[in-house]
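Enquirer: predicted model follows, preceded by the sequence.
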Amino acid sequence: MSEVPARPINTVSGVAYKNDPAIFSWQLCNEPRDREYGGDGTVLYNWINEMAGFVKSLDPNHMVSTGEEGGGTSGNFDPHGPVEGVDFQRNTACPYIDYACIHLYPSSWGKWDDAKCDTYLENRRRIAHDVVGKPIALEEFGVITSFGEKDPHFLNWLMLITNPTNDFDGFNPWQMDDLPASSAEEENWDFGFNSPTAAIIEKFAKIQARKSGGLYTNVPSSPFGQR
């Protein structure tokens, strides 16, 4: 890859993307897998290493993440199995990757129960923080309507990842919007801005903000003991 984007400038502000403080980070791909070659994850790792290095050469000012779900072929707890050719630990350790990211979709992963989800979250936090030494974000998580109510699952996972033992560095649910769903499948994942689910997300967002010295000052008491 040698082509540089034709217009690497924010067309609204006129600021070059590499200098734009509105950009949190760059992500290489959404849920990359290597279904063709599978194996031990080497093919995908080599691609991540090359592409992340290239992005850093264009923009050294922003973070880069892989966008992966968190699969593991190094004996790690794996939601998909080794046929996907993803090695979370090795990918996260890539020198051009700034933080780990994982997804959590138990209704799509063989109907995982919360106990299995907890094991997965705890394992990935341990690998990122204790083995590789990088932050970790649960950057996508969701429950489809047919799997049951979202709120009990969201509460369980958010209490786990914000407690002092696990202490993830960020999270982002899938998906909150008040726009008409474009398909029945999308509607099954969605929740509105004024929904009880959104109130749960806001509560834990404030807890995260308090940990990082964020904008929220009126933060509710931590629910750690209620889990």
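Expert: Yes, it's here. Numbers count the residues shown, from 1 in each chain.
Enquirer: give me phi/psi at the most centrally placed residue in the chain?
Expert: Centroid-nearest residue in the chain, with CA atoms, centre = their mean: E139, separated by 2.1 Å. The phi and psi values for E139, taken as degrees, to the nearest 10, are phi -90, psi -10.
Enquirer: how close does A198 sit to W174?
Expert: Here A198 is placed at a distance of 13 Å from W174 (CB to CB, to the nearest Å). Where you see a C-beta, it was placed from the backbone N, CA and C, and this is true even at glycine.
Enquirer: likewise A115?
Expert: Note on A115: its distance to W174, by CB to CB, is 22 Å.
Enquirer: who has more neighbours out of these two?
Expert: The residue with more neighbours, out of A115 and W174, is W174; 15 against 9, by other CB atoms under 10 Å.
Enquirer: count the residues that sit near the nearest residue to the more buried one once chain neighbours are set aside.
Expert: The spatially closest residue to W174, leaving aside those adjacent along the chain, is G142, at 3.9 Å (CB to CB, 6 or more residues apart in numbering). Neighbourhood size, G142 [other CB under 10 Å]: 22.
Enquirer: surely G142 touches W189?
Expert: Yes - counting by CB atoms under 8 Å, G142 touches W189, with 5.2 Å between them.
Enquirer: low-confidence ranges in this structure?
Expert: For the chain, the stretches with pLDDT under 70 are 1-7, 38, 73-83, 179-187, 214-227.
Enquirer: that'll do, ta.
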